[in-house]
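> any chance you could fold what I've pasted below:
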Amino acid sequence: MSMLKSVLALTLVAGPAFASGLEIEISGPGANGTVVIDLFEDIAPGHAKRLTTLAKDGAYDNVVFHRVIEGFMAQTGDVEFGLVKEDFDMRYAGRGGSSYPDLKAEFSDVPFDRGVIGMARSQDPDSANSQFFIMFDEGHFLNGNYTVVGKVTSGMDVVDAIKRGEGPNGLVFGEPDRMVKVTATE
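Residues are numbered from 1 along each chain as shown. Just a heads-up that it's a prediction; the model follows:
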């Protein structure tokens with residue numbers, strides 16, 4: 001099975017036609033460091049390509065982790081409302097996507113284990129766009145219902161330090177951690 005190397009220091013890289021991995025630099029009140037992600041181009045080619053494209057566009061730079069649930073996952077990637085800029089309002093983070101169309105689901109038999117990267121979506125299985133999440137622990141109830149797009153290969157200690165949200169939805173209040181720079185790697 002060929003897996004693309006991606007560095008998720010929120011830097012995405014996809015296969016030969018595109019990047020092969022992501023490197024994500026995270027900074028904030030909780031986490032500070034780099035996360036590297038291998039993208040699974042052979043399992044979810046459309047989703048891997050989307051993450052790579054958005055990373056190369058610089059769209060993920062300064063995007064917050066808006067939903068973080070202890071023992072479950074940390075969600076980010078809302079390039080529409082989660083981008084820290086002059087008129088940023090944390091209350092809207094997590095409601096948007098990108099200017100690209102939503103993606104058709106690419107479900108697989110890869111389990112949602114610790115470090116796995118999944119694509120966030122609405123109730124419609126074909127609604128993933130730019131948001132993704134990193135698993136703190138296994139979440140096998142997600143298996144076959146969400147697209148697995150990659151796995152952290154380095155920096156899980158950084159992921160583990162991401163500022164947790166509050167309540168059942170894990171909404172982050174105050175200053176959130178953010179992806180300062182996401183790079184797609186070959």
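> residues contacting the residue nearest to the spatial centre of the chain?
By CA atoms, centre = their mean, the chain has its centre lying nearest to Phe132, at 3.3 Å. When contacts are counted by CB atoms under 8 Å, 6 or more residues apart in numbering, Phe132 is found next to Leu51, Gln75, Thr76, Gly77, Ile117, Gly118, Met119, Ala120, Val149. Where C-beta positions appear, they are placed from N, C-alpha and C, glycine not excepted.
> filter the residues you listed down to the ones in helices?
Per DSSP state H, helices hold the following members of these: Leu51.
> of the contacts of Phe132, which is the nearest to Ser99?
Using CB to CB, Gly77 is the member of the contacts of Phe132 that sits closest to Ser99, with 13.8 Å.
> report pLDDT for the residue nearest to that closest one when sequence neighbours are not counted.
Take Gly77 and drop its neighbours on the chain: the residue closest to it by CB to CB, 6 or more residues apart in numbering is Gln131, 3.9 Å away. pLDDT for Gln131: 98.
> re earlier: which residues does the residue nearest to the centre of the chain form beta bridges with?
Beta-bridge partners for Phe132, by DSSP bridges, are Thr76, Met119.
> cool, Lys181 as well?
Note on Lys181: beta-bridge partners by DSSP bridges are Glu25.
> quick check: it touching Glu25?
Yes - contact status for Lys181 versus Glu25: in contact at 4.3 Å, counting by CB atoms under 8 Å.
> out of those two, which sits in the more crowded spot?
Set side by side, Lys181 and Glu25 show more neighbours around Glu25, with 22 against 19, by other CB atoms under 10 Å.
> please, where are all the strands along this structure?
All strands of the chain, identified by DSSP state E, fall at 21-27, 33-39, 63-64, 67-69, 73-76, 116-119, 132-135, 148-154, 178-185.
> ok now the fifth one, how far from the chain's centre?
Using CA atoms, centre = their mean, to the nearest Å, the distance from the centre of strand 73-76 to the centre of the chain it belongs to is 7 Å.
> repeat that for stretch 168-179.
Here the centre of stretch 168-179 is set off from its chain's centre by 14 Å, with CA atoms, centre = their mean.
> what mean pLDDT would you report for it?
94.
> and the end-to-end length of it?
23 Å (CA to CA, to the nearest Å).
> also stretch 81-88?
End-to-end distance of stretch 81-88 (CA to CA): 7 Å.
> in it, what's buried?
Buried residues in stretch 81-88, counted by 16 or more other CB atoms under 10 Å: Phe81, Gly82, Leu83, Val84.
> residues contacting the last one?
With contact set as CB under 8 Å, 6+ apart, Val84 has these partners: Asn62, Val63, Val64, Arg178.
> great, nothing more from me.
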